[in-house]
Structure formats: C-alpha cells, structure tokens
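Starting from these lines, generate the structure:
(one chain, ligands or ions: 1)
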Amino acid sequence: MSIVEHRVLGDHRGQLIAIEAVRDIPFEIKRIFYIYGAQPNTPRGQHAHHKTRQYLIAVSGSCHVTLDDGENKATYILNQPNLGLMQEAMIWGTMHDFSHDCVLLVLASEHYDEADYIRDYDQYVKVVGA
Ligand code: TYD
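Purely as a prediction, here's the structure:
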C-alpha cells in the first residue's frame, strides 16, 4: 500500500480532481463518508474490516494514517487533496494527527455493516494469524 498521486485538472477557475471507481481505485464504490472536526490528539479508526476496502483522501487539511497488517506498520501523510491511500480489507487502520481543517473523505467498497468490523486488536492479530 502506498500513496497514490491523482492528476489535478486545474485552470484559472481553480482545481478539479476526478476519481473513477474501478479505473482509478480498485473497487466499485458502495458508500462514502467523511470525517471532519476531528482533534489532533484524538485518533480515530483503530479497527480492521473483514471485507470492506477503503480509499482515503484528505480533501482539506491533513492527517496521518497508520496501516498495520499485524506484523508491519507504516504511517502515511495525507496532506494534499490529490493524494489517496488504499486500505485493504483485513488491514488495521488508525487515522491520527488531524489538522483542524481536515476533511477526510473515505470511499468504501461495501455498505455499512457493524459485523464487518474487528475493533479489538488482540482479536485482529489472532484472525490474521500474525
Ligand atoms: P466509527 O467507526 O467509530 O468511526 P471512525 O472509524 O472514524 O473511528 O463510526 C462512528 C459512528 O458512525 C459509529 O456509531 C458507526 C457510525 N457509522 C455509520 O453509521 N456508517 C458509516 O458508514 C460509518 C463509517 C460509521
């Protein structure tokens, strides 16, 4: 998983970024949600999904995203609206260090289903067999 840089279609009127399901991200989008008003010192996420794949974009401001496969962790910085980060299913994700103006847009492959969540890290590590 790594940061993807999307093409910015800009002209004198401003900037535009287009992201197409399947073409620019590897799934059909069934849901979007966005997080704003998050606090710099209050992490969010801290869960994995059995099935849901997510694509994260800080359309305003910045935040850090730490992805963890149970063995290795990597932290990515989303600080431009043309940067995207794929969080695959069964990857533990934490969003943190939000700027006050951060709007974090998440494109998701599945409808919301609480049963798809693994919210306990010890259980996650057992499930991935790490
Ligand atoms: P939560 O999973 O705690 O957010 P985060 O991943 O940022 O820490 O979700 C907060 C609340 O919103 C929780 O009650 C579940 C609900 N929710 C939905 O109803 N639909 C959704 O698509 C999402 C992501 C959350």
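
Can you show me the strands along this protein?
Taking DSSP state E as the criterion, the chain contains strands spanning 3-5, 9-11, 14-16, 31-36, 44-49, 54-60, 63-68, 73-78, 83-87, 92-96, 103-108, 117-118.

can you list those in CSV and add mean pLDDT and mean neighbour count?
Every residue, glycine included, has its C-beta placed from N, CA and C. Converted to CSV, those look like this (pLDDT from 0 to 100; neighbours: other Cβ atoms under 10 Å):
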stretch, mean pLDDT, mean neighbour count
strand 3-5, 97, 13
strand 9-11, 95, 10
strand 14-16, 97, 9
strand 31-36, 98, 13
strand 44-49, 98, 19
strand 54-60, 98, 21
strand 63-68, 98, 20
strand 73-78, 98, 14
strand 83-87, 98, 20
strand 92-96, 98, 20
strand 103-108, 98, 20
strand 117-118, 98, 15
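
do you know which of these lies nearest the ligand?
strand 44-49 (3.6 Å; Cβ to the nearest ligand atom).

any idea of the angle that closest one forms with strand 92-96?
Counting by axes from the mean of the first three to the mean of the last three Cα atoms, to 10 degrees, strand 44-49 lies at 170 degrees to strand 92-96.

For strand 44-49, enumerate the helices and strands it packs against.
Helices and strands touching strand 44-49, by 3 or more Cβ pairs under 8 Å, 6 or more residues apart in numbering; DSSP states H and E, are strand 92-96, strand 117-118.

Sheet-wise, list the partners of it with their directions.
For strand 44-49, the paired strands and their directions (DSSP bridges) are strand 92-96 (antiparallel), strand 117-118 (antiparallel).

what's the closest non-adjacent residue to the spatially most central residue of the chain?
For the chain, the residue lying nearest the average C-alpha position, counting by Cα atoms, centre = their mean, turns out to be residue 56 (3.1 Å). Distance criterion Cβ to Cβ, 6 or more residues apart in numbering; nearest residue to residue 56, sequence neighbours excluded, is residue 85 at 4.8 Å.

With residue 63 instead?
Sequence neighbours aside, residue 98 is the residue nearest to residue 63 in space, at 4.5 Å (criterion: Cβ to Cβ, 6+ apart).
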